[in-house]
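1. Okay, sequence plus prediction incoming.
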Amino acid sequence: MSHMMQPNIILLKEGTDTSQGKAHILSNINACQIVVDIVKTTLGPRGMDKLIHEGQNVTVTNDGATVMKLLQIVHPAAKIMVDIAKSQDCEVGDGTTSVVVIAGELLREARRFIEDGLHPQIVVRGYRKAENLAQRKLRDLTVDLEASTDEKKTQLLRRCAETTLNSKLVSGYKEFFSDMIVQAVNLLGDKLERDMIGIKKITGGSVLDSMLVSGVAFKKTFSYAGFEQQPKKFKNPKILLLNMELELKAEKENAEVRIEKPEEYQSIVDAEWKIIYEKLDLMVQSGAQVVLSKLPIGDLATQYFADRDIFCAGRVEDSDMRRTARATGAQVQTTVNGVTTDVLGTCGEFEEVQLGSERFNLFKDCPGTQSATMILRGGAQQFLEEAERSLHDAIEIVRRSKKSNKIVGGGGSIEMELSRFIREYAKTVPGKEQLVLQAFGQALEVIPRSLATNSGLDSTEIMNKLRSLHNEGKDETRWLGVDCIGGGGCNCFEQ
């Protein structure tokens with residue numbers, strides 16, 4: 001009887017789900033499939049946009065990472081699909097929908113094996129082997145940009161940008177934007193820092209009014225009286241960047257100053273004015289014609305600069321200040337004592353211009369610029385936001401292509417070629433692994449199949465035709481993929 005009197009041992013919090021085994025694996029796969037089915041229809045040039053309503057905000061997009069982020073998925077297994085999309089967005093920029101769809105298809109193929117009683121470790125081992133094979137074959141198939149002339153390389157980079165923009169809202173202007181994107185990336189120098197390309201959105205005007213500034217552009221900051229008297233255009237100006245306030249400080253609440261005579265209070269006020277005037281005099285003596293600060297520039301300093309034909313702007317955003325420093329060669333100062341000419345920057349032309357309903361400060365033709373700014377124009381704010389997401393993807397792709405100097409064909413052609421290679425290799429592998437390798441190859445075909453389906457084409461007919469042509473194993477057939485615009489198949493590398 002003693003063993004019946006022992007209390008139950010509770011290790012986990014009450015209500016904790018402890019389900020495991022085959023049933024739970026299949027449940028997780030089903031949850032991931034639901035997420036995949038949501039984003040799969042956005043794939044390709046003919047993919048559909050998603051309208052996501054969240055409180056007062058309405059987002060219209062077909063960007064996989066944006067859709068996944070806005071879905072607010074809570075299922076722990078399905079959340080991994082969100083992380084896959086985020087990782088792809090950070091590392092590569094585009095292809096967020098593709099990686100989610102491929103991952104979902106690999107899980108779909110794995111589900112058959114799990115249902116038939118195959119151990120998950122055998123499936124994982126087979127998938128890893130297939131992945132290594134795919135990467136090795138991919139390196140053999142890539143086209144090396146280093147071997148191309150500069151003109152040919154620029155042309156291929158433009159086509160990479162156009163491919164990305166094909167499925168976006170701005171696809172009708174892909175030639176216009178692809179040229180702008182390649183120019184912007186070429187301005188970044190060898191480091192290719194993404195933060196050095198700024199995108200500013202201005203409502204109003206035509207999309208074709210969008211422009212690229214080979215330098216920095218940012219919206220006019222808050223200004224005090226006297227600002228309109230300042231000059232708005234300079235040729236080869238000296239630029240001083242600051243991280244300090246230039247305004248009279250108001251006394252803090254309940255501040256107390258004890259004096260014995262009224263004249264002593266006046267001396268305190270005079271000392272405060274003397275300090276700020278000394279700072280302003282030192283800046284004028286440095287020869288600076290344009291003064292920017294991250295912190296406020298008050299009305300006294302604004303009028304002081306206006307009287308001496310100096311332009312000033314306070315409360316400049318940190319990202320804009322960093323890009324200005326990189327473009328002009330100026331160094332941000334925390335004090336004006338001992339300012340020398342070597343910490344001042346310059347540009348070919350500084351100008352404040354009216355763009356739509358906004359006024360912008362432009363630093364153009366910077367000598368050693370490694371920064372660029374794209375100014376987007378359009379009729380509606382939602383259009384501009386989606387255009388910005390589209391350009392972000394295209395910029396990342398061009399940066400990645402330029403950094404790696406290797407590209408492949410799109411339109412599902414590379415997936416078809418890798419699928420063929422893995423399935424042929426699988427025939428030489430004995431045992432259960434053969435089935436897993438074949439499933440991996442079959443899963444890769446989901447990209448061309450989804451492209452055909454989303455384009456309203458007969459996916460079965462197109463897939464059979466592409467398989468037949470790729471099985472020939474010739475160089476001229478390796479880049480054959482789905483022609484989403486014209487229908488049928490085409491050479492995706494040349495088109």
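-> Okay, I see it. Numbers count the residues shown, from 1 in each chain.
2. who's in contact with residue 401?
-> Shown in contact with residue 401 (CB atoms under 8 Å, 6 or more residues apart in numbering): 145, 156, 157, 160, 407. Just so you know, the C-beta spots here come from the backbone N, C-alpha and C atoms, and that holds for glycine as well.
3. switch to 10 Å and redo it
-> Contacts for residue 401 (CB atoms under 10 Å, 6 or more residues apart in numbering) come out as 145, 153, 156, 157, 159, 160, 161, 182, 185, 407.
4. Redo these as JSON lines? Include distance to residue 428.
-> Shown next, in JSON lines, are these (distance: CB to CB, whole Å):
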{"residue": "145", "distance to residue 428": "34"}
{"residue": "153", "distance to residue 428": "38"}
{"residue": "156", "distance to residue 428": "35"}
{"residue": "157", "distance to residue 428": "39"}
{"residue": "159", "distance to residue 428": "36"}
{"residue": "160", "distance to residue 428": "35"}
{"residue": "161", "distance to residue 428": "40"}
{"residue": "182", "distance to residue 428": "43"}
{"residue": "185", "distance to residue 428": "43"}
{"residue": "407", "distance to residue 428": "30"}
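5. will you turn these into CSV that also has pLDDT, neighbour count and secondary structure?
-> Below are the contacts of residue 401 laid out as CSV (pLDDT from 0 to 100; neighbours: other CB atoms under 10 Å; DSSP: H, G, I helix; E, B strand; the rest coil):
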residue, pLDDT, neighbour count, secondary structure
145, 83, 18, helix
153, 87, 17, helix
156, 88, 16, helix
157, 89, 23, helix
159, 89, 19, helix
160, 88, 23, helix
161, 89, 26, helix
182, 92, 24, helix
185, 89, 24, helix
407, 86, 19, strand
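6. so which of the residues you listed comes closest to residue 434?
-> Using CB to CB, residue 407 comes nearest to residue 434 of these, at 32.1 Å.
7. can you give me the strands in the stretch 51-200 of the chain?
-> 57-61, 143-144, 197-203 (DSSP state E, counting those that start in this stretch).
8. The helix or strand following the last one packs against which elements?
-> In this case it means strand 197-203. Sequence order places strand 211-213 as the next helix or strand after strand 197-203, per DSSP states H and E. The contact analysis (3 or more CB pairs under 10 Å, 6 or more residues apart in numbering; DSSP states H and E) places strand 211-213 against helix 174-186, strand 197-203, strand 358-364, strand 372-378.
9. Check what contacts strand 211-213 and list those residues.
-> Here strand 211-213 has contacts from 177, 179-181, 183-184, 187, 197-198, 200, 217, 327, 355, 360, 362-366, 369, 371-377, using CB under 10 Å, 6+ apart.
10. From those residues, list just the buried residues.
-> Buried subset of the contacts of strand 211-213 (neighbour count, 16 or more other CB atoms under 10 Å): 177, 180-181, 184, 187, 197-198, 200, 217, 327, 355, 360, 362-366, 369, 371-377.
11. Look up how far residue 49 lies from the nearest residue to residue 457 once chain neighbours are set aside.
-> Using CB to CB, 6 or more residues apart in numbering and skipping the chain neighbours, the partner closest in space to residue 457 is residue 487 (5.7 Å). Distance, residue 487 to residue 49, by CB to CB, to the nearest Å: 21 Å.
12. what about the chain, any weak spots by pLDDT?
-> 1-12, 14-19, 249-255, 368-369 (pLDDT under 70).
13. Point to the residue nearest the middle of this structure.
-> residue 392 (4.2 Å; CA atoms, centre = their mean).
14. from what I can see that one touches residue 199, true?
-> Yes - using CB atoms under 10 Å, residue 392 is in contact with residue 199, at 7.3 Å.
15. Contacts for whichever helix or strand residue 271 is part of, please.
-> If you go by DSSP H and E, residue 271 is part of helix 262-285. The contact list for helix 262-285 (CB under 10 Å, 6+ apart) reads 240, 242, 244-249, 257-259, 261, 288, 291, 298, 300-301, 304-305, 307-308, 310, 312, 333, 335-339.
16. hmm, 7 Å instead?
-> The contact list for helix 262-285, computed with CB atoms under 7 Å, 6 or more residues apart in numbering, reads 240, 246, 248, 257, 259, 291, 300-301, 304, 308, 336-337, 339.
17. circling back: and for the residue nearest to residue 457, the neighbour number?
-> 14 (other CB atoms under 10 Å).
18. And stretch 34-52, end to end?
-> 16 Å (CA to CA, to the nearest Å).
19. Give me the distance from that stretch to the chain's centre.
-> 19 Å (CA atoms, centre = their mean, to the nearest Å).
20. Any chance you could list what contacts that stretch?
-> Against stretch 34-52 from outside (CB under 7 Å, 6+ apart): 58-62, 64, 67-68, 70, 73, 78, 81, 97-98, 100-101, 104, 166-167, 171, 450-451, 454-456, 484-485.
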